Structures are given as C-alpha cells and as structure tokens.
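*Asks:* Whatever this is, show me its structure:
(one chain, ligands or ions: 1)
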Amino acid sequence: MIALPDTVLTVRACVPEDRARLSHILLNSDVFGQHDADTVDEMFVQAMAKPGPDQYRFTVACGEDGEAVGFACYGWESMTQGTWDLFWVCALASARGRGVGRALLADAVATASAEGGRLMVIYTSSTPAYDGARRLYRSQGFEKTAVIGDYYAEGDDLNIFARRLRA
Ligand SMILES: CC(C)(COP(=O)(O)OP(=O)(O)OC[C@H]1O[C@@H](n2cnc3c(N)ncnc32)[C@H](O)[C@@H]1OP(=O)(O)O)[C@@H](O)C(=O)NCCC(=O)NCCS
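*Replies:* Numbers count the residues shown, from 1 in each chain. Take a look at the predicted model:
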C-alpha cells in the first residue's frame, strides 16, 4: 500500500471480475479508444484463462473505496534472459496526478525484480498525448534508450524506455 497526501492506493493482481473495469478505464482515459480496449480485453481473457510465468500480468490500482482507477499489464519477454516489457499502464482521466501510474509502475518493477528480472522495457509514442507517460517513466528511473522515427505514423516516433532491475 502506498499512502500519498490525498490518496491511499492498493495495487493488486487482477481477477476475472476486473474485465469490464479495464475497458472502462481505457475508454475514460482521454487517450485510448475501442480498438485499444478490444486489444487489452483479448490479452486479459488469455491471461485469466491460462495464468503462468510467461503470461501477461494484469494489476489494478484501487482507491480507498476499492474501485480500480488504473491498471497495468506487463510480463516477461520469453525470448530473453530476464527482460520484462511493460505493455500498458493507464489511469482514469479523473484520477490523474495522484500517484496511480507511479504505484502501478513501482509494483511492476518490484514484481519483475523479485522474479529475477534484469531489464524492463517500455515502448511509447513521441506525441504530446503521451507526455504524462514519458514523465512517469523518467520519474521511475527509466531512460529513453532508442528512437525509431515515424514508427507509428509520419511524425509519430517510437520511443523505447528501459531501466535496469535489481540494481
Ligand atoms: C501515464 C499515466 C498512467 C500517469 O498516471 P498518473 O497516475 O497520472 O501519474 P502519477 O500521478 O503517478 O505521476 C507519476 C509521475 O509522473 C509525472 N506526471 C504524470 N503525468 C504527468 C503530466 N501529465 N504532466 C506532468 N507530469 C506528469 C508526475 O509529476 C509524477 O512525477 P513524480 O513521481 O516525480 O512526482 C496517465 O497519465 C495515463 O493514464 N495516461 C494515458 C494513458 C497512457 O499514456 N499510458 C501510457 C502508454 S501505454
């Protein structure tokens, strides 16, 4: 549990009943749309059906009332020795700036480290909509290590952030 001035957050592993809430968070993020919600839903169903060490991990951050206000999805990249990817992190637009992203990322880093992770990698966009995400990653010790120009679209680069674990 992470206590902040105005918020008490609990990060926990997802259960199947969280499925609809994840779509709700994405669709109320002011960034993601139905296609993203469908993609995450497919990953979530897969993860709940067959949990395991090389499966997607889903976590939610809940406020004092127990309601999930953000979620993360991350996991071990099975082609590597100890590299983990953070695939998604998202907070409700109405819950921004209260440490939700920080709590989710800190928990993902702690889990990956505890399971022998060596490196965590995040792919993100260079556009202004992802300013908050890039700030969050930097605040949690991630550095921009690579850029692929025009990866997502003309003028929308891929930024790859990485952080050593177990340091
Ligand atoms: C990225 C996101 C998860 C951050 O969540 P959040 O709960 O608002 O962030 P936090 O309150 O935990 O802030 C964490 C750090 O990032 C900084 N930060 C986050 N958003 C910021 C913003 N829009 N502007 C300035 N700083 C910001 C905070 O200052 C804080 O820094 P600190 O730890 O040094 O104090 C949230 O903005 C979001 O859901 N964005 C839309 C989805 C997205 O872009 N996801 C990432 C790509 S998958």
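*Asks:* Surely D85 is within a strand?
*Replies:* Yes: using DSSP: H, G, I helix; E, B strand; the rest coil, the assignment for D85 is a strand.
*Asks:* what bridges to it?
*Replies:* Listed by DSSP bridges, the beta-bridge partners for D85 are G75, V121.
*Asks:* Next, the contact list for it, please.
*Replies:* By CB atoms under 8 Å, 6 or more residues apart in numbering, D85 lies in contact with Y74, G75, E77, M120, V121, I122, Y123. For every residue, glycine as well, the C-beta is placed using N, CA and C.
*Asks:* And the helices in this protein?
*Replies:* Remark: helices assigned in the chain by DSSP state H are 19-27, 34-49, 100-114, 131-139.
*Asks:* Mean neighbour count, these: which tops it?
*Replies:* Sort the helices of the chain by mean neighbour count, taking mean count of other CB atoms under 10 Å, and helix 100-114 sits at the top with a mean of 21.
*Asks:* which helices and strands sit right next to that one?
*Replies:* Applying 3 or more CB pairs under 8 Å, 6 or more residues apart in numbering; DSSP states H and E, we find helix 100-114 packed against strand 2-4, strand 7-13, strand 57-62, strand 68-76, strand 83-91, strand 119-125, helix 131-139.
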